[in-house]
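Undergrad: Just need the structure, nothing else, for what follows:
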Amino acid sequence: MNGRPIIAITIGDPAGVGPEVTAKALARDEVWDCCRPLVVGDAGLLARAVALVSAPPSLRPIGDVAEARFDPTAPDVLDLRNVDPATLQPGKVSATAGRAAVDYIERAVALALAGRVDGIATGPINKAALRAAGIPHIGHTELLAALTGAERVTTMLATPGLRVVHVTRHVPLREVAAHVTRERVLETIRLTDEGLRGMGIPHPCLAVAALNPHGGDGGLIGREEIEVIGPAVEAARAEGIEAHGPIPADSVFFRAIRGEFDAVVAMYHDQGHIPIKTHGFERSVTVTLGLPIVRTSVDHGTAFDIAWQGVANEESMVEAIRLAARLAAGR
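TA: Reported below is the predicted structural model:
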């Protein structure tokens, strides 16, 4: 790799806060210090975001990565020209915006697979907009797996002092227990161990959260810990992975924040998301584990309620870009 890694930044759903946080991030010195950013989006739309937040000074639309100059005073935008800024309705679910957001992801992934960029950092997309556009995937993780052909993927959330990986993600709460199988728990532990090693942690120490209150209380409040989670932890340890658990969820995240563990394997969406966002919402980011490319993302949604008002916080986007650059450099 010559110099700083090239990180493709997708602007997310055009009707959300993605264009704004992207524009703000491009004005931050720490972004340019760690990488050569290449925005993948609609240049006309991003120009509106730049005008809204008065940063960066200007933009430079391009048609191919080979044309990029990586000039902080005029960031390069790989212009897909797929949004009409005059007809875009900020803060509204739109099939057009959903399709545009997927276009950006598809182009960035293609560039990464071809080795023309070293990693990607993605802006937020909207599930309802994807559905309106007829996209058969519920979110980034599923779409990225399909685009890259990856069979083993999961999501890590990270904020300073805490990392969490989920066994299940977008599953209704009443169905979670059925999806928490020994095989899925073990596979998630493996992916977490591999992911942390890729982040430069040579001997990861993992905590595995219990599913039931009080860790099931010896089977009095559920048997998943005895029949599913515990056996998965033992199997992981037999493979040489330092995994501990199941540990009751009401204490495991505190212990991780205190420094006992490098990451926590959570059983379901809110079990992991709530502690991450409580501990450090503005700086939390997402990393997709198991892909053949580096991919990070902001850890917030499209925030339609504040979109295109100039008030969105760019910290998560900045952290996502910095982490993508760090992971790319490590590869």
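
Undergrad: Do you have the strands of the stretch 151-300 of the chain handy? List them.
TA: 154-159, 162-166, 205-209, 242-247, 263-266, 285-289, 295-298 (DSSP state E, counting those that start in this stretch).

Undergrad: closest to Ala324 out of these?
TA: strand 295-298 (4.3 Å; Cβ to Cβ). The C-beta positions use only the backbone N, C-alpha and C, and glycine is treated the same way.

Undergrad: name the helices or strands packed onto the following helix or strand past the closest one?
TA: Downstream of strand 295-298, the first helix or strand assigned by DSSP states H and E is helix 315-330. Packing partners of helix 315-330 (3 or more Cβ pairs under 8 Å, 6 or more residues apart in numbering; DSSP states H and E): strand 6-10, helix 18-26, helix 29-34, strand 119-122, strand 285-289, strand 295-298.

Undergrad: pull the longest helix from the chain.
TA: Identified as the longest helix of the chain according to DSSP state H is helix 95-113.

Undergrad: May I see the strands of the stretch 151-300 of the chain arranged in JSON lines, with distance to Ile306, mean neighbour count and mean pLDDT as well?
TA: Formatted as JSON lines, the strands of the stretch 151-300 of the chain follow (distance: least, Cβ to Cβ, whole Å; neighbours: other Cβ atoms under 10 Å; pLDDT from 0 to 100):
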{"stretch": "strand 154-159", "distance to Ile306": "21", "mean neighbour count": "23", "mean pLDDT": "92"}
{"stretch": "strand 162-166", "distance to Ile306": "25", "mean neighbour count": "25", "mean pLDDT": "97"}
{"stretch": "strand 205-209", "distance to Ile306": "32", "mean neighbour count": "24", "mean pLDDT": "98"}
{"stretch": "strand 242-247", "distance to Ile306": "37", "mean neighbour count": "21", "mean pLDDT": "98"}
{"stretch": "strand 263-266", "distance to Ile306": "28", "mean neighbour count": "28", "mean pLDDT": "98"}
{"stretch": "strand 285-289", "distance to Ile306": "20", "mean neighbour count": "24", "mean pLDDT": "94"}
{"stretch": "strand 295-298", "distance to Ile306": "14", "mean neighbour count": "28", "mean pLDDT": "96"}
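
Undergrad: Relative to Glu194, which of the ones you listed is closest?
TA: When the strands of the stretch 151-300 of the chain are ranked by proximity to Glu194 (Cβ to Cβ), strand 285-289 comes first, at 7.0 Å.

Undergrad: Let me know which of the strands of the stretch 151-300 of the chain is the nearest to Glu106.
TA: When the strands of the stretch 151-300 of the chain are compared by Cβ to Cβ, strand 295-298 sits nearest Glu106, at 12.9 Å.

Undergrad: what lines up beside that closest one in the sheet?
TA: strand 119-122 (parallel), strand 285-289 (antiparallel) (DSSP bridges).

Undergrad: Save these as JSON lines, and put in distance to Val264 too.
TA: Shown next, in JSON lines, are the strands paired with strand 295-298 (distance: least, Cβ to Cβ, whole Å):
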{"stretch": "strand 119-122", "distance to Val264": "23"}
{"stretch": "strand 285-289", "distance to Val264": "14"}
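
Undergrad: thinking again about what came up before, which one of the helices and strands packed on helix 315-330 lies nearest to Met317?
TA: Using Cβ to Cβ, the nearest of the helices and strands packed on helix 315-330 to Met317 is helix 18-26, at 4.3 Å.

Undergrad: how far does the closest one sit from the chain's center?
TA: 16 Å (Cα atoms, centre = their mean, to the nearest Å).

Undergrad: Quick one, which of the helices and strands packed on helix 315-330 gets closest to Phe254.
TA: Across the helices and strands packed on helix 315-330, closest to Phe254 is strand 285-289 (Cβ to Cβ), at 21.3 Å.

Undergrad: Can you pull out the low-pLDDT segments for the stretch 201-331 of the chain?
TA: By pLDDT under 70, the stretch 201-331 of the chain contains no weakly predicted segment.

Undergrad: quick one: His140 and Thr296 touch, right?
TA: No. His140 lies out of contact with Thr296 (Cβ atoms under 8 Å); the separation is 10.5 Å.

Undergrad: Mutual contacts of these two, please.
TA: Shared contacts of His140 and Thr296, defined by Cβ atoms under 8 Å, 6 or more residues apart in numbering, comprise 122, 286, 288.

Undergrad: now these in JSON lines, with distance to Ser94?
TA: Listed next are these as JSON lines, based on distance: Cβ to Cβ, whole Å:
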{"residue": "Thr122", "distance to Ser94": "18"}
{"residue": "Thr286", "distance to Ser94": "23"}
{"residue": "Thr288", "distance to Ser94": "25"}
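
Undergrad: of the residues you listed, closest to Ala110?
TA: Comparing these against Ala110 with Cβ to Cβ places Thr122 closest, at 14.0 Å.

Undergrad: List the contacts of that closest one.
TA: 9-10, 12, 105, 108, 140, 295-298, 320.

Undergrad: Can I get the residues you listed in a markdown table including distance to Ile62?
TA: Shown next, in a markdown table, are the contacts of Thr122 (distance: Cβ to Cβ, whole Å):
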| residue | distance to Ile62 |
| --- | --- |
| Ile9 | 14 |
| Thr10 | 15 |
| Gly12 | 20 |
| Ile105 | 18 |
| Ala108 | 14 |
| His140 | 25 |
| Arg295 | 22 |
| Thr296 | 23 |
| Ser297 | 23 |
| Val298 | 24 |
| Ala320 | 22 |
